[in-house]
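# fold the stuff below for me.
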Amino acid sequence: MSTDPAAQASEPTPPPGPTPPSESTPPSALPYVIDPAGGCPHALNARLRAQGAVAGVVLPGGVPGAVVLGHEALKEFLAHPDVAKAARHFPALRDGTVAADWPLRVFADAQGMHTADDADHRRLRSLVGNAFTVRQVERLRPRIEELTAGLLTDLERAAEASPDGVADLRTHVALPLPMSVICELLGVDPEHQGRLHALSNTVIVATDTPPAEVMAALRELVELIAAIAALRRADPGEDLTSALIAARDDDGDRLSEAELTGTMRLMLVAGHETTLNLISNAVRALCTHRDQLALVLEGKATWSDVVDETLRFDAPVSWFPFRYPTRDLTIDGTVIPQGTPVLAGYSAAGRDEAFHGPDAGRFDLTRPTAARNLSFGHGAHYCVGAPLARLEATIALEALFTRFPDLDLAVPDAELPYQRSFIGNSVESLPVRLRGLGGR
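Presented below is the predicted three-dimensional model:
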């Protein structure tokens, strides 16, 4: 796979994906060749969304696909009975059309509830669902508050030790908080946390990684998760991994070995990467919209409002793979052919002016449609971990700005280095000053 967008553009163009149902395809409807390096998605989203709620794309490696960009179109697509998650509905993956080392195979070939349909999906989801109900997650509040307090102290110490009073909030708070929580839930020793994040970032987030590196990281990630499972099998505890192993060993028909490791991988990756971006994006939004921060600090808006509006305004996941129509499907007037790999355009739907109003590009905690964002999905595959992500983010943001109300970005938001990804949507680092330039 070429990681150079120009090189990709010079490759033979594959057959187009979805096109408007007309006799010819106008130039504006030609497939967009995805840049593997990603970056801030909002200008691109606006340009594509202006042409329609569904756009044809060329995925890295020259694979034709589609992205659904409009709020109502995405809501319909995510819940449509003729849309599947299982890769058996993606024939190009099996007939040799798609290269064996295609890096995005990691999303299609994984086994777990995120790539299962119907009865298989319900079976797998039921094994983990009880751990993530609102009631069960609320029991974690004291532990999350304890972890947050300790991490804020670490952040303060890092800032005090820095010559310019700057510390990276992603490194000291936004990453270790959700990673610690999900690892404790799964019974993963703290010593593995750093490597798990590095591997998941390489395999899932950084979409410009060369195929050989992706495959090597995936093998190491699978081996590490298998080793963690082996430790829990030998010494079970009161954790989710032990419960999954018990379901596997007591009734092997309920959970295969591949489903066990696939489910653990999903929990570990999704359980921290999205919350990491959610916290980071919320801090950026509040720092660059001080009037909105003032609303919360004055009690005129809530931290839940901050989370909802951040999910809408700057979704932690931009374009997420994959779903497949099981027949030719018309969404908002555009035909998506059967078997097309389709991306869910969460970051695009969040700023859809047709749904959120003409000021959809503005961060506004009083926006009535904010809570109706689709960033955690919709329908049967709605994110099972959404209650945990919301709780972690609200606790972290309230504690952070209560302790450091003058916290601000150390560099302009536009100069922050963006993730090299069209899947993840955030920055790679988040340098902040805790008390402003005059606070030292």
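
# hey, let's count contacts and neighbours off CA atoms from now on
OK.

# low-confidence stretches in the stretch 101-250 of the chain?
Within the stretch 101-250 of the chain, the stretches falling below the threshold (pLDDT under 70) are 248-250.

# which residue ranges form the helices in it?
Assigned by DSSP state H, counting those that start in this stretch, the stretch 101-250 of the chain shows helices spanning 105-109, 118-129, 134-138, 141-161, 169, 176-186, 193-200, 211-234, 240-250.

# closest to residue 342 out of these?
If you check each of those against residue 342 by Cα to Cα, helix 105-109 wins as the nearest, at 11.3 Å.

# geometric centre of the chain: which residue is closest?
The centroid of the chain falls nearest to residue 317 when counting by Cα atoms, centre = their mean (3.6 Å).

# that one contacts residue 349, correct?
No - look at residue 317 against residue 349 with Cα atoms under 8 Å: they stay out of range, at 11.3 Å.

# give me phi/psi at residue 32?
Here is the backbone geometry of residue 32 (degrees, to the nearest 10): phi -80, psi 130.

# show me what it is bridged to.
Beta-bridge partners for residue 32, by DSSP bridges, are residue 57.

# start the count at 36 instead of 1 going forward.
Got it, first residue is 36 now, which makes that one residue 67.

# separation between it and residue 356?
Separation of residue 67 from residue 356 (Cα to Cα, to the nearest Å): 16 Å.

# ok, residue 162 - contacts?
279, 282 (Cα atoms under 8 Å, 6 or more residues apart in numbering).

# redo that, cut-off 7 Å
Applying Cα atoms under 7 Å, 6 or more residues apart in numbering to residue 162 gives the contacts residue 279.

# how about residue 457?
Here residue 457 is in contact with 71, 72, 73, 74, 242, 353, 354 (Cα under 7 Å, 6+ apart).

# including secondary structure, distance to residue 199 and neighbour count, could the residues you listed go into a markdown table?
Formatted as a markdown table, the contacts of residue 457 follow (DSSP: H, G, I helix; E, B strand; the rest coil; distance: Cα to Cα, whole Å; neighbours: other Cα atoms under 10 Å):
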| residue | secondary structure | distance to residue 199 | neighbour count |
| --- | --- | --- | --- |
| 71 | coil | 34 | 23 |
| 72 | coil | 31 | 17 |
| 73 | strand | 31 | 19 |
| 74 | coil | 28 | 20 |
| 242 | coil | 33 | 25 |
| 353 | coil | 33 | 28 |
| 354 | strand | 36 | 23 |
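
# pLDDT check: weakest of those residues?
Lowest pLDDT within these is found at residue 242 (89).

# you'd agree residue 89 is up against residue 106?
No - with contact defined as Cα atoms under 7 Å, residue 89 does not count as touching residue 106 (10.6 Å).

# the more surrounded of these two?
Higher neighbour count among residue 89 and residue 106: residue 89, with 30 against 25, using other Cα atoms under 10 Å.

# now do the contacts for the more buried one.
Residue 89 is in contact with 102, 103, 104, 369, counting by Cα under 7 Å, 6+ apart.

# burial count for the nearest residue to residue 186 once chain neighbours are set aside?
Excluding its sequence neighbours, the residue lying closest to residue 186 (Cα to Cα, 6 or more residues apart in numbering) is residue 208, at 5.6 Å. By the measure other Cα under 10 Å, the count of residues near residue 208 is 24.

# shouldn't residue 208 be in contact with residue 188?
No - the pair residue 208 and residue 188 fails to qualify as a contact (Cα under 7 Å) at a distance of 9.7 Å.

# next one: residue 138 from residue 245, what distance?
Using Cα to Cα, residue 138 is found at 8 Å from residue 245.

# quick one: end-to-end distance for stretch 164-182.
Taking Cα to Cα as the measure, stretch 164-182 stretches 24 Å from start to finish.

# distance from that stretch to the middle of the chain?
20 Å (Cα atoms, centre = their mean, to the nearest Å).

# how about that stretch: buried residues?
In terms of neighbour count (16 or more other Cα atoms under 10 Å), stretch 164-182 has its buried residues at 166, 167, 172, 179, 180, 182.

# other residues contacting it?
212, 419, 420, 422, 423, 427, 430.

# any of those residues buried? List them.
212, 419, 420, 422, 423, 427, 430.

# now those as JSON lines including distance to residue 142?
Formatted as JSON lines, those follow (distance: Cα to Cα, whole Å):
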{"residue": "212", "distance to residue 142": "25"}
{"residue": "419", "distance to residue 142": "18"}
{"residue": "420", "distance to residue 142": "18"}
{"residue": "422", "distance to residue 142": "23"}
{"residue": "423", "distance to residue 142": "23"}
{"residue": "427", "distance to residue 142": "26"}
{"residue": "430", "distance to residue 142": "31"}
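
# now, which of the residues you listed sits nearest residue 159?
Nearest member of the buried ones among the contacts of stretch 164-182 to residue 159, counting by Cα to Cα, is residue 419, at 11.4 Å.

# what distance do you get for that closest one to residue 391?
For residue 419 relative to residue 391 (Cα to Cα), the value is 25 Å.

# so where's the longest helix in this structure?
helix 292-323 (DSSP state H).

# using PDB, write down the CA coordinates of the following helix or strand past that helix.
Using DSSP states H and E, the helix or strand that follows helix 292-323 in sequence is helix 325-332. Extracted C-alpha coordinates of helix 325-332, given in PDB (Å, rounded to 0.1, in the frame of the first residue of the first chain):
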ATOM      1  CA  ARG A 325     -13.800  30.300  27.100                       C
ATOM      2  CA  ASP A 326     -17.400  31.600  27.100                       C
ATOM      3  CA  GLN A 327     -18.700  28.000  27.000                       C
ATOM      4  CA  LEU A 328     -16.300  27.000  29.800                       C
ATOM      5  CA  ALA A 329     -17.700  29.900  31.800                       C
ATOM      6  CA  LEU A 330     -21.200  28.600  31.400                       C
ATOM      7  CA  VAL A 331     -20.200  25.300  33.100                       C
ATOM      8  CA  LEU A 332     -18.100  26.900  35.800                       C
END
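
# count of residues packed around residue 363?
By other Cα under 10 Å, the residues close to residue 363 number 15.

# that one touches residue 375, doesn't it?
No - here residue 363 lies out of contact with residue 375, judged by Cα under 7 Å, at a distance of 9.1 Å.

# which residues in the stretch 286-435 of the chain form helices?
Under DSSP H, counting those that start in this stretch, the stretch 286-435 of the chain gives helices at 292-323, 325-332, 338-348, 381-385, 388-391, 421-438.

# what comes up buried for the first one?
Along helix 292-323, the positions that meet the burial threshold by neighbour count (16+ other Cα under 10 Å) are 294-323.

# quick one: list the elements packing against it.
helix 211-221, helix 338-348, helix 421-438 (3 or more Cα pairs under 7 Å, 6 or more residues apart in numbering; DSSP states H and E).
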